[in-house]
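In: okay, predicted coordinates and the sequence, questions at the end:
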Amino acid sequence: MFSGRARRKEYWLFTLFNIVIVIVLAALDMAIGTGGILAGLYELAILIPALAVTVRRLHDTGRSGWFILIGIIPIVGAIVLLVFAVQDSHSGDNAYGPNPKETHSGEGDAQTAGEMTSTESEGEMDKG
């Protein structure tokens, strides 16, 4: 759960979906008058997965997961973690595993195959 690396896309989509869910639950809490219990329970439920994806994001930038403790420092800690989260991953393997960008080559393969197909068809048109 805390090992490996997480791409920026994985981290930010996780964050986006959880922010949306918390906003919806907070609005529902206000509508039914539960005083924030639903949103609070949800935030408690995703605490460990949120820590895990943040640690894996730090690993992707070549930092130890212990850097998450910088967030304890008021204001400055959150800004530093934000800067770390938006940085691009280190290319190639690092101490935390292979680069997830390089292991998800399905998109590039499809594009390359498409380019090869169009090039081959142009070559066949020239012959004919």
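Out: Structure's in. What do you need?
In: now do the helices in this protein.
Out: 8-32, 37-45, 47-60, 76-86, 100-103, 106-127 (DSSP state H).
In: residues contacting the fifth one, please?
Out: Identification of contacts with helix 100-103 by CB atoms under 8 Å, 6 or more residues apart in numbering yields 4, 5, 6, 7, 10, 60, 89, 91, 92. C-beta coordinates here come from the backbone N, C-alpha and C atoms, glycine included.
In: narrow those to just the buried residues.
Out: 5, 6, 7, 60, 89 (16 or more other CB atoms under 10 Å).
In: how about the nearest residue to the third one, chain neighbours excluded?
Out: I take that to be residue 7. Nearest non-adjacent residue to residue 7, counting by CB to CB, 6 or more residues apart in numbering: residue 100, 4.8 Å away.
In: burial measure for that neighbour, as a count.
Out: Residue 100: 17 surrounding residues under other CB atoms under 10 Å.
In: just residue 53 next, same as before
Out: 22.
In: right, and it touches residue 10 too?
Out: Yes: using CB atoms under 8 Å, residue 53 makes contact with residue 10 at a distance of 6.8 Å.
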